[in-house]
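Undergrad: give me the fold of what follows.
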Amino acid sequence: MEEKRFLFLDLDACTGCRSCMAACSLLKEQASGLGKSRLWVPKMDGICLAVPVVCEQCANAPCENVCPTRAITRDTKTGALLVDAQKCIGCKECVWACPFGAITVRKGLAIKCDLCDGDPECAKVCIPKAIQFVSLDDGGFKKKWSSLEKRVKALATIVGGR
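TA: Down below sits the predicted model:
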């Protein structure tokens, strides 16, 4: 496997513009529509809070572990968890297992971020650099963990409506 890279999501930089969602839907679905994106950005306008949600490509991935047909496997080149459309039966076990809410099922097929074959479109279009594709080297893990903790707390605020 190549150098481990991940999507770093900087909550403080996210403006909630959802350009990442538009770019994702255009690239992956050849159609515009935020509902077709493989990531989502819930917002709470009253307190100017937007929280990008995307697959974390977990090391011990619950979605991969729970899939009854083994349709979710790790790409050895990018490290991304991929869904095999030929094996996926649309059972939604992966949706329920994902602790981040980063998987959906459309037309009987699990849909999730696949890191765009190692060149994520969302990171390329994010002008404030709220989404960056970075190396998981010496300081990367700590940076990722800190970002994740901050996003989980912010999502709780949005879901809780506080």
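Undergrad: in the chain, which residue is most central in space?
TA: By CA atoms, centre = their mean, the chain has its centre lying nearest to residue 54, at 1.5 Å.
Undergrad: from residue 68, how far off is that residue?
TA: As judged by CB to CB, to the nearest Å, residue 54 and residue 68 stand 24 Å apart. Quick note: C-beta positions are derived from backbone N, CA and C, even for glycine.
Undergrad: show me the helices in this protein, by range?
TA: 19-29, 62-66, 93-97, 121-125, 140-160 (DSSP state H).
Undergrad: other SSEs contacting the second one?
TA: Secondary-structure packing of helix 62-66 (3 or more CB pairs under 8 Å, 6 or more residues apart in numbering; DSSP states H and E): strand 72-74, helix 93-97.
Undergrad: switch to 10 Å and redo it
TA: strand 72-74, strand 81-83, helix 93-97 (3 or more CB pairs under 10 Å, 6 or more residues apart in numbering; DSSP states H and E).
Undergrad: figure out which of these is closest to residue 9.
TA: Proximity to residue 9 (CB to CB) singles out strand 81-83 among the helices and strands packed on helix 62-66, at 17.0 Å.
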